[in-house]
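*Asks:* Fold the following.
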Amino acid sequence: MKQTIGAIALIVPDYDAAIEFYTRSLGFDLIEDTDLGNGKRWVLVAPKGSSETRLLLARAVNASQQSAIGNQTGGRVFLFLNTDDFDRDHAAMTAAGVTFLEAPRSELYGKVAVFRDPFGNKWDLIQHY
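*Replies:* Numbers count the residues shown, from 1 in each chain. Here you go, the predicted model:
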């Protein structure tokens, strides 16, 4: 038996602003944007070349969900973006206005830097050794 995680819901304040950031600043592909009616959409994005896990951009619809935007993990790094070329992607993301919270560093497991999306979520950009 094989199982995969197909999507991870990421609460965002606005569909279009989230699509803009993830596709333009991070270079993700827009996989699907389906209108479900009543202001709800099914929006999937994924890093270029990714074949399994996607992000489901889920617009917050109430105060509880709005309070979780950018803090779905209590302030810890939430998502890990693996790359085959850290320097290339770090430079492209920096040029696109992505906010890095630290300088790149080398760890036992790889080269890494934490960045924040415009909604407050912390990410690791990482190239494993």
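*Asks:* Is the residue nearest to P104 when sequence neighbours are not counted in a helix, a strand, or coil?
*Replies:* Across the structure, with C-beta to C-beta, 6 or more residues apart in numbering as the measure, the residue nearest P104 apart from its sequence neighbours is A113 (4.4 Å). Placement of C-beta: from N, CA and C, glycine included. The local conformation at A113, judged by DSSP: H, G, I helix; E, B strand; the rest coil, is strand.
*Asks:* Beta-bridge partners for G110, please?
*Replies:* For G110, the beta-bridge partners under DSSP bridges are E107, H128.
*Asks:* Could you report the neighbour count for it?
*Replies:* Other residues near G110 number 15, with proximity taken as other C-beta atoms under 10 Å.
*Asks:* again with D16
*Replies:* Applying other C-beta under 10 Å, we find 13 residues neighbouring D16.
*Asks:* before we move on, back to that, correct me, but the residue nearest to P104 touches F100?
*Replies:* Yes. The criterion here is C-beta atoms under 8 Å, and A113 meets it with F100 at 5.3 Å.
*Asks:* Give the next helix or strand downstream of the strand or helix carrying I11.
*Replies:* Assigning secondary structure by DSSP states H and E places I11 in strand 7-12. Counting by DSSP H and E, the next helix or strand C-terminal to strand 7-12 is helix 15-20.
*Asks:* follow-up on the earlier one: pull the contacting residues for the residue nearest to P104.
*Replies:* The neighbours of A113, taking C-beta atoms under 8 Å, 6 or more residues apart in numbering as the test, are F86, H90, F100, L101, E102, A103, P104, R105, D124, L125.
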